[in-house]
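>>> please find the sequence and the predicted model below.
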Amino acid sequence: MTNKFKKKALRVIADHLSVEETKGIKDMFKLMDTDNSGTISYEKLKAGLHKLGSHMDESEVQTLMDAGLNWYGISA
C-alpha cells in the first residue's frame, strides 16, 4: 500500500469516529503524554499501554508506533 493511500484510508476511518471515540483517543493521548510535549515516544507509548493494563510485546508496541509515524508521513 502506498503511503498516500494509507493516509487517505486512515483519514476516512478518523472522520467516521464518534465524538465519544475521539474523546477516548484524546484522553489516552493525554495520559501517555506525561511531559505535555504534545508527542508520544516509544517509551511513553509502552508505559502508557502498561498503565492501561495492556500486555503487548515489543513488536506490537513498535507496530503501533510505526502506524502513528506513518499517519504523519514520518519514516521510522
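Perfect, thanks for sending it.

>>> which helices and strands does the helix or strand encompassing residue 24 pack with?
Residue 24 belongs to helix 19-32 when assigned by DSSP states H and E. With contacts defined as 3 or more CB pairs under 8 Å, 6 or more residues apart in numbering; DSSP states H and E, helix 19-32 has these neighbours: helix 42-51. C-beta here means a position set from N, CA and C on the backbone, and glycine is covered the same way.

>>> next helix or strand past the helix it packs on?
Following helix 42-51 in sequence, per DSSP H and E, is helix 58-71.

>>> what's that next one packed up against?
Using 3+ CB pairs under 8 Å, 6+ apart: helix 58-71 touches helix 3-15, helix 42-51.

>>> repeat that for 6 Å
Other helices and strands packing on helix 58-71, by 3 or more CB pairs under 6 Å, 6 or more residues apart in numbering; DSSP states H and E, are helix 42-51.

>>> now do the helix it packs on, average pLDDT.
Averaged over helix 42-51, pLDDT sits at 91.

>>> tilt between it and helix 19-32?
120 degrees (axes from the mean of the first three to the mean of the last three CA atoms, to 10 degrees).

>>> re the thing from before, need the residues that contact the helix holding residue 24.
40, 44, 48 (CB atoms under 6 Å, 6 or more residues apart in numbering).

>>> and the last one, how many neighbours?
When neighbours are defined as other CB atoms under 10 Å, residue 48 has 19 of them.

>>> tell me how far it lies from residue 57.
16 Å (CB to CB, to the nearest Å).
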